[in-house]
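Undergrad: Kindly generate the corresponding structure for this input.
(one chain, ligands or ions: 1)
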Amino acid sequence: MKKLIAGNWKMHSTLTEAKERIAGLTAFLQSNQANHDAFDMLVCPPATMLCPVQKWKDDAILSVGGQDVHINEKGAHTGDISAEMVADTSATYALAGHSERRADHGETSDIVRQKAEAAHRAGLIAVICVGEQESDRDANQEYQVISAQLKQSIPAGATSENTVIAYEPVWAIGTGKVAEISDIEKMHAHIRNEIVGKVAQADQTRLLYGGSVKPTNAADILHTANVDGVLVGGASLLAEDFINIAKAA
Ligand code: PGA
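TA: Sure, this is the predicted structure:
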C-alpha cells in the first residue's frame, strides 16, 4: 500500500511560516527526489490556514485536511467549523478524535464517531485517531482500550476509501518516547483484525502510527507490517524533517 505521510500542525505557525513550509514541501514534491509511487502527503493546518494553504500548494501532490469538525452541518455553534466548511475550502481530509481533542474538549468515542460521520457526509476522508494512556499500558489493558475505541469511534459506512485509522499511544505524543517497533507491529496487527466488519476492505485501509515520529525513527516505523503511514506532529513543522520522513517511505 502507498504510505500516507500526514502532518498535524496543531495550534502552531503564522501564515508567513506556513507559506514558507508549503513552499519547501512543494519544491520537494515537484522534484525528482520525491517518489510518488511510495507515498501521498497530507497536511492538517489550523482552520485559519485551510484556504491559504490550498492556494499555495500544488494541487495534485499535496492533500489538505482539517484538524477537527463539528458533528452538525451548520447552526449556532460559536467557534466551531463544520465538515462541509472544511470541504468547501477544497480540503479532502479531517482528523477525528485526536487525543488532544479527547482530553481538552472531552470528546468521547461516541462523539468521535459522529465527527467521522460528519466528515463522510461532507465527502471528506476521516482520519480516526485512537490511542491508549500510559496507565492503560501499565495495566496491560492497551488492546482492550483500543478495541473499545475502534468499536465506538468507527461509523457505519466506513470504507478503505473514506477512512484512515491513526494509532497514537497518548504517552508517545510530543514526549520523544516512541513505542517499540515490536509493540507497534502487534498493535497494528490487532487493529487490522479489529476493523474487519467495521471498515469495508479492512485489508486496504490505511493504518497510521503517530507519536514522536522523527526523521531518525521514520524508516523503521514505516517499514513495520501493517503500518501504512505516519501522523506527525512536531516534526511536521519543519519542512526538512517532514520531507526526510517522507523520504523514509
Ligand atoms: P508528535 O505528535 O509527533 O509531536 O508526537 C503526533 C500527533 O499528535 O499527531
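Undergrad: contacts and neighbour counts: CA atoms only from here.
TA: Will do.
Undergrad: where does the chain have low pLDDT?
TA: Flagging of the chain using pLDDT under 70 yields the residue ranges 59-60.
Undergrad: at 80 instead, please
TA: For the chain, the stretches with pLDDT under 80 are 58-60.
Undergrad: ok, which stretches of this structure are helices?
TA: For the chain, the helices defined by DSSP state H occupy 15-30, 50-56, 83-88, 99-104, 109-121, 134-138, 142-153, 181-194, 215-222, 239-248.
Undergrad: Which one, of those helices, ends up nearest to the ligand?
TA: Nearest to the ligand among the helices of the chain is helix 99-104; the distance by Cα to the nearest ligand atom comes to 7.4 Å.
Undergrad: Name the residues that touch the closest one?
TA: Helix 99-104 is contacted from outside by 107-108, 129-131, 168, 170, using Cα atoms under 8 Å, 6 or more residues apart in numbering.
Undergrad: looking at the helices of the chain, which is buried most?
TA: Stretch with highest mean neighbour count among the helices of the chain: helix 109-121 (a mean of 24; mean count of other Cα atoms under 10 Å).
Undergrad: so what's residue 231 up against?
TA: Applying Cα under 8 Å, 6+ apart, we find residue 231 in contact with 5-8, 166, 208-211, 213.
Undergrad: give me the beta-bridge partners of it?
TA: Taking DSSP bridges as the rule, residue 231 bridges to residue 6, residue 210.
Undergrad: before we move on, the earlier item: which of the contacts of helix 99-104 fall in strands?
TA: 129-130 (DSSP state E).
Undergrad: about what we covered before: and the contacts of residue 231, which is closest to the ligand?
TA: For the contacts of residue 231, the nearest to the ligand is residue 211 (3.7 Å; Cα to the nearest ligand atom).
Undergrad: Grab the nearest non-local neighbour of that closest one.
TA: Using Cα to Cα, 6 or more residues apart in numbering and skipping the chain neighbours, the partner closest in space to residue 211 is residue 173 (4.1 Å).
Undergrad: Roughly how far does the one you found sit from residue 224?
TA: From residue 173 over to residue 224 the distance is 19 Å, taken as Cα to Cα, to the nearest Å.
Undergrad: Those two: who's more crowded?
TA: residue 173 (20 against 17; other Cα atoms under 10 Å).
Undergrad: For residue 115, give me its contacts.
TA: For residue 115, the contact set (Cα under 8 Å, 6+ apart) comprises 68-71, 96-97.
Undergrad: what separates it from residue 236, distance-wise?
TA: Going from residue 115 to residue 236 by Cα to Cα gives 24 Å.
Undergrad: Please apply the same query to residue 20.
TA: Taken as Cα to Cα, the span from residue 20 to residue 236 is 13 Å.
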